[in-house]
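Undergrad: The following block contains a protein sequence and its predicted model.
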Amino acid sequence: MRTKSAVFWVLGSFCLFFGVLITSSADPAALGNNPGTVLIALIFGFVLILIAGMLWISTAHID
């Protein structure tokens, strides 16, 4: 069961990394961006951050 816990930690880390990367790269002032695409990027990054939190919390319940 420890490998499942380690896999969840690694997946959570990748989700957090890509969520923060996407969210921090969403620049409304960049050339060619419109508010809709920036909003989609922010929502997608936020969802990835939430998934990372769920994965990390779920490792506390694995025996």
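TA: Received the coordinates, thanks.

Undergrad: got the buried residues for the helix or strand hosting residue 51?
TA: Per DSSP states H and E, residue 51 falls inside helix 35-58. Neighbour counts using 16 or more other CB atoms under 10 Å place 41, 45, 48, 49, 51, 52, 55, 56 of helix 35-58 among the buried residues. All C-beta spots, glycine's among them, are computed from the backbone N, C-alpha and C.

Undergrad: these two touch, right, the last one and residue 12?
TA: Yes. Distance between residue 56 and residue 12: 4.5 Å, which falls inside the contact criterion (CB atoms under 8 Å).

Undergrad: name the helices or strands packed onto the helix holding residue 51?
TA: helix 2-25 (3 or more CB pairs under 8 Å, 6 or more residues apart in numbering; DSSP states H and E).

Undergrad: Any chance you could give me the helix it packs on in PDB, C-alpha atoms only?
TA: Extracted in PDB, the C-alpha atoms of helix 2-25 (Å, rounded to 0.1, in the frame of the first residue of the first chain):
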ATOM      1  CA  ARG A   2       2.900   2.400   0.400                       C
ATOM      2  CA  THR A   3       3.500   2.400  -3.400                       C
ATOM      3  CA  LYS A   4      -0.100   3.600  -3.900                       C
ATOM      4  CA  SER A   5       0.500   6.400  -1.500                       C
ATOM      5  CA  ALA A   6       3.700   7.400  -3.200                       C
ATOM      6  CA  VAL A   7       2.000   7.300  -6.600                       C
ATOM      7  CA  PHE A   8      -0.700   9.600  -5.300                       C
ATOM      8  CA  TRP A   9       1.900  12.000  -3.900                       C
ATOM      9  CA  VAL A  10       3.800  12.100  -7.200                       C
ATOM     10  CA  LEU A  11       0.600  12.600  -9.200                       C
ATOM     11  CA  GLY A  12      -0.500  15.400  -6.800                       C
ATOM     12  CA  SER A  13       2.900  17.100  -7.200                       C
ATOM     13  CA  PHE A  14       2.600  17.000 -11.000                       C
ATOM     14  CA  CYS A  15      -1.000  18.300 -10.900                       C
ATOM     15  CA  LEU A  16       0.100  21.100  -8.600                       C
ATOM     16  CA  PHE A  17       3.100  22.000 -10.700                       C
ATOM     17  CA  PHE A  18       1.100  22.200 -14.000                       C
ATOM     18  CA  GLY A  19      -1.800  24.000 -12.300                       C
ATOM     19  CA  VAL A  20       0.500  26.700 -10.900                       C
ATOM     20  CA  LEU A  21       2.400  26.800 -14.300                       C
ATOM     21  CA  ILE A  22      -0.800  27.300 -16.300                       C
ATOM     22  CA  THR A  23      -2.300  29.800 -13.800                       C
ATOM     23  CA  SER A  24       0.800  31.900 -13.600                       C
ATOM     24  CA  SER A  25       1.200  31.900 -17.400                       C
END
